[in-house]
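Q: no sequence on hand, only this structure:
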C-alpha cells in the first residue's frame, strides 16, 4: 500500500511542476487548494416534502452546459492519461490550507489562462465564467471527493450515507437528524470512482476478495466504511463519519443543556484527582463528545495517553500527550496493534491519565486494572442502562471482575432523547462505585447526580459523595473543603458560560484556576455570583 501512495504523490508532483512552469508560480499546491476552498461555497437549502412529510437537504453547484461538460471531460482524460492521475490525497496538497486566501485572486486568473492556452483550440469562445466553472469541477473531482465533496465540507453534516446506485445520499444533520439529499449516483462508474477514491485515501485496497473495509480518510481524519456490490444488494455503499475540527467544550455542552455546571464541576474534580470515569449510553448519544470535553479539563502538566481505533480525541493544549491508534493486519509478518496492547504499553510510560475512546473487548480488563492501581482513566462503553453496563463489563470478551469494576468512582449515563423541540442529548444520571458485595457478587452503585426532566436541571441526591470522600483521602483535606471546591468550580464554569468563553479562553481559565483558585473564584463571583447547587436528599 505504501508503494501505491508514493507513486500517486509523484504523479501529483508532475502535475504541480507543469502548473508551476506554465503559471510562473512556485505555489501549485496552494492553487489547487484555493480551488477546493471555492468548492466549499456550494449553497445549501432545506426543503419540506409535503407528500412524504420529511425534510430534504439540497445544494446547488455551478452548472455546465453540454458543450462545456464535454470540454471538462476532455480535460479529465488528459490529466488521467498524461499524468496517470488517480486522485490520491497527498499532504502536499493540504499543508498550505491556511495560506491560500492571498492566492485566490491572482492564482485563479492564471489557472484560467493555463486552461485557455491548452484547450481553446478545441472549443472557442469560452467565457471566463465557463473556465471558472471548469476549474471548480477540476478541483472538486480531482482533489475533492466528487459529487459528495460539498457534503463533506458542510459543517452541519455529521454522517454521510450512500446505500447504493440510483439511491439518494442521506446525511445526518446536526439539527435535523437524517435528511435526504439531491445527490444521486445514477451511473455505476460514478459511484465506483468515489468508493475507490475513499479507499485509496484511507490507505487501503478494496476488492472482490475484500469487499468490506473500514479506515480513516486523510487528511480530514473522518471514519469511513466501504462495502462493494458483491455483498451489498443495492450496489456499492459507503458511510462517512465526520468529526469537528475543533472539539466541543464543556461550555458548549452546557449551552446545549447536555449538562450543567454542577455535572461539569463534579467530573472536573473526578478526572483531576485521577478517579476513574466511565461514560456509557446507546449509539449516537454523544459519549465521545462528552469524553473529549472532559479531557480538555485535565491539568496541562499531566502525562496523558490516548488509545483509539479511530482518532477522534483532540487535546490541542496538552503537549505531554501521546496519541495512539490501533493497527490490525491479516499478514502474519505484520504485527497487529490492538487496544489491549496499547493500554499495556501505556502503563509502562508513567501516565497520569489513560483515555480509551471506547472499550469493546479484552482491553477493558487492562483499563480497569490501571484505574484500580491509581492511574486516572476515562473511557466510553455502549450500554442502555447501568445493569447492562455491569453485565457487559463482567461477561466475555471483557471479563472484568466485578470487584475491579467497583474501583471506578463515576459512571456517567448519557442518552439521546426525543422532545417536542426535537432530539436532545442529556446526561441522565451519575452513579458512584461505592464497593463490592462478595456474597451477592454485586457492584454497589449509588446515584449521586440526577436529571429532573420536568425542571430540565440536575441535582445531587445527597451531600455525601463517595468520589469526594476519595479525594479527601488523597489530599488530606476535610470533606467540607472539597465540597466547597465543588461549589467554586461550578461557579467558575457558570461564569464562563455567561461570558461565552471560547476554547482558548476557557482553557486559560482552567489553567489559572489550577494555579490560583481564589483569584479566579473571586472574579467569577463578582461578575456572575455564587452558583447554587441543588440537593435533594433521597434517603
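A: Noted; the coordinates are in hand. No experiment lies behind these values; they were computed from the predicted model shown.

Q: from here on, just use CA atoms for contacts and neighbour counts.
A: Fine.

Q: ends of stretch 399-419, how far apart?
A: 37 Å (C-alpha to C-alpha, to the nearest Å).

Q: then stretch 398-415?
A: End-to-end distance (C-alpha to C-alpha), stretch 398-415: 23 Å.

Q: so for stretch 214-222, what's the average pLDDT?
A: The pLDDT scores in stretch 214-222 average 84.

Q: sorry, that was for stretch 437-448
A: The pLDDT scores in stretch 437-448 average 92.

Q: mind listing residues that contact that stretch?
A: 390, 402-403, 405-406, 429-436, 460-462, 465 (C-alpha atoms under 8 Å, 6 or more residues apart in numbering).

Q: can you give me the buried ones in that stretch?
A: In terms of neighbour count (16 or more other C-alpha atoms under 10 Å), stretch 437-448 has its buried residues at 443, 444, 445, 446, 447, 448.

Q: redo those as CSV? Include distance to residue 396 and secondary structure.
A: Listed next are these as CSV, based on distance: C-alpha to C-alpha, whole Å; DSSP: H, G, I helix; E, B strand; the rest coil:
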residue, distance to residue 396, secondary structure
443, 17, strand
444, 21, strand
445, 22, strand
446, 25, strand
447, 27, strand
448, 29, strand
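
Q: could I get those as a markdown table with distance to residue 199?
A: Shown next, in a markdown table, are the buried residues of stretch 437-448 (distance: C-alpha to C-alpha, whole Å):
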| residue | distance to residue 199 |
| --- | --- |
| 443 | 44 |
| 444 | 47 |
| 445 | 45 |
| 446 | 47 |
| 447 | 46 |
| 448 | 46 |
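
Q: and the residue nearest to residue 445 when sequence neighbours are not counted, its phi and psi?
A: The spatially closest residue to residue 445, leaving aside those adjacent along the chain, is residue 433, at 4.9 Å (C-alpha to C-alpha, 6 or more residues apart in numbering). With angles defined as degrees, to the nearest 10, residue 433 sits at phi -80, psi 110.

Q: spit out the contact partners of residue 433.
A: Contacts for residue 433 (C-alpha under 8 Å, 6+ apart) come out as 405, 406, 407, 408, 409, 410, 411, 443, 444, 445, 446, 466.

Q: how about those, which pair is most distant?
A: Using C-alpha to C-alpha, the contacts of residue 433 span at most 14.9 Å, a distance reached by 405 and 466.

Q: who's more crowded, the two?
A: residue 405 (24 against 18; other C-alpha atoms under 10 Å).

Q: do you know how far that one is from residue 359?
A: Residue 405 sits 13 Å away from residue 359, taking C-alpha to C-alpha as the criterion.

Q: likewise residue 411?
A: Counting by C-alpha to C-alpha, the gap from residue 411 to residue 359 is 14 Å.

Q: can you check residue 311 too?
A: Residue 311 is 14 Å from residue 359, by C-alpha to C-alpha.

Q: those two: which is more packed in?
A: The neighbour comparison of residue 311 against residue 359 (other C-alpha under 10 Å) goes to residue 359, with 21 against 18.

Q: name the SS class of that one, please.
A: Secondary structure of residue 359, reduced to three states by DSSP: H, G, I helix; E, B strand; the rest coil: coil.

Q: can you tell me the closest non-neighbouring residue to it?
A: residue 381 (5.8 Å).

Q: in a strand, that neighbour, correct?
A: Yes: under three-state DSSP, residue 381 falls within a strand.

Q: please tell me I have it right and it contacts residue 285.
A: No: taking contacts as C-alpha atoms under 8 Å, residue 381 lies outside contact range of residue 285: 11.2 Å.

Q: and the two? which has more neighbours close in?
A: residue 381 (23 against 20).

Q: next, count neighbours for residue 395.
A: Count around residue 395 with other C-alpha under 10 Å applied: 13.

Q: against residue 533, how distant is residue 523?
A: Residue 523 is 19 Å from residue 533, by C-alpha to C-alpha.

Q: can you check residue 491 too?
A: Residue 491 is 10 Å from residue 533, where distance means C-alpha to C-alpha.

Q: what about those two, which has more around it?
A: residue 491 (26 against 15).

Q: so which of the contacts of stretch 437-448 sit within strands?
A: 429, 430, 431, 432, 433, 434, 435, 436, 460 (DSSP state E).

Q: burial count for the third one?
A: Right, the one you point to is residue 431. Neighbour count for residue 431, taken as other C-alpha under 10 Å: 21.

Q: contacting residues for it?
A: Contacts of residue 431 (C-alpha under 8 Å, 6+ apart): 409, 410, 411, 412, 445, 446, 447, 448, 449.

Q: Throw those residues into JSON lines and include distance to residue 211, thanks.
A: Output for the contacts of residue 431, formatted as JSON lines (distance: C-alpha to C-alpha, whole Å):
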{"residue": "409", "distance to residue 211": "43"}
{"residue": "410", "distance to residue 211": "41"}
{"residue": "411", "distance to residue 211": "38"}
{"residue": "412", "distance to residue 211": "38"}
{"residue": "445", "distance to residue 211": "45"}
{"residue": "446", "distance to residue 211": "47"}
{"residue": "447", "distance to residue 211": "46"}
{"residue": "448", "distance to residue 211": "48"}
{"residue": "449", "distance to residue 211": "46"}
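
Q: assign the residue nearest to residue 166 when sequence neighbours are not counted to helix, strand or coil.
A: Once flanking residues are discounted, residue 166 sits nearest to residue 186: 4.7 Å by C-alpha to C-alpha, 6+ apart. Following three-state DSSP, residue 186 is assigned to coil.

Q: kindly report the same for residue 178.
A: strand.

Q: surely it meets residue 172?
A: Yes: shown here, residue 178 and residue 172 form a contact pair, counting by C-alpha under 8 Å, at 4.3 Å.

Q: show me where pLDDT drops low in this protein?
A: Within the chain, the segments meeting pLDDT under 70 span 1-136, 138-139, 142, 330, 538-539.

Q: where do the domain boundaries of it fall?
A: Listed by automatic domain parsing, the domain ranges of the chain are 1-42+61-144, 150-242, 250-528.

Q: CSV for the ones you listed, including distance to residue 537?
A: Putting those into CSV (distance: least, C-alpha to C-alpha, whole Å) gives the following:
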stretch, distance to residue 537
domain 1-42+61-144, 53
domain 150-242, 36
domain 250-528, 5
